[in-house]
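Undergrad: how would this look folded up:
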Amino acid sequence: MQQKYISSEDEAWLDHEGNLVDLETVVDKLETASDYERGVERLTDEQKVGLKRLREAAGELAKVVGKKRK
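TA: Residues are numbered from 1 along each chain as shown. Predicted structure coming up:
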């Protein structure tokens, strides 16, 4: 199997702006769905992974904010 490499610039884009575009698509699909479960059903496998990461990040952020308030 041949390994392909990407430039550091492309890697940075995929790690940041590229993911933002995909997450915006996920949020849009969820907002336009009749309910959350139907929205999730319309997502691709990659988008479901992105949604899971977004939810995990939101959970971690809530923990950090909660600690700062105490």
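Undergrad: Every contact and neighbour count from this point should use C-alpha atoms.
TA: Will do.
Undergrad: what about stretch 29-49, how long is it end to end?
TA: Taking Cα to Cα, to the nearest Å as the measure, stretch 29-49 stretches 15 Å from start to finish.
Undergrad: So for that stretch, what gets flagged as buried?
TA: For stretch 29-49, a neighbour-count test (16 or more other Cα atoms under 10 Å) marks 29-30, 39-40, 43, 47-48 as buried.
Undergrad: Who's the closest spatial neighbour of the most centrally placed residue in the chain, skipping the chain neighbours?
TA: Computing the C-alpha centroid of the chain and ranking residues by Cα atoms, centre = their mean puts residue 50 first, at 3.2 Å. Leaving aside its sequence neighbours, residue 50 sits nearest to residue 23 (Cα to Cα, 6 or more residues apart in numbering; 6.7 Å).
Undergrad: give me every residue that touches the one you found.
TA: Counting by Cα atoms under 8 Å, 6 or more residues apart in numbering, residue 23 touches 47, 50-51.
Undergrad: gap between it and residue 12?
TA: According to Cα to Cα, residue 23 stands 16 Å off from residue 12.
Undergrad: what do you get for residue 45?
TA: Distance check for residue 45 against residue 12: by Cα to Cα, it reads 22 Å.
Undergrad: Equivalent analysis for residue 59, please.
TA: For residue 59 relative to residue 12 (Cα to Cα), the value is 24 Å.
Undergrad: got any ranges where the chain has weak pLDDT?
TA: Scanning the chain with the threshold set as pLDDT under 70 gives 1, 13-14, 16-21, 61-70.
Undergrad: give me that answer again for 80
TA: 1-7, 9-23, 50, 53-54, 57-70 (pLDDT under 80).
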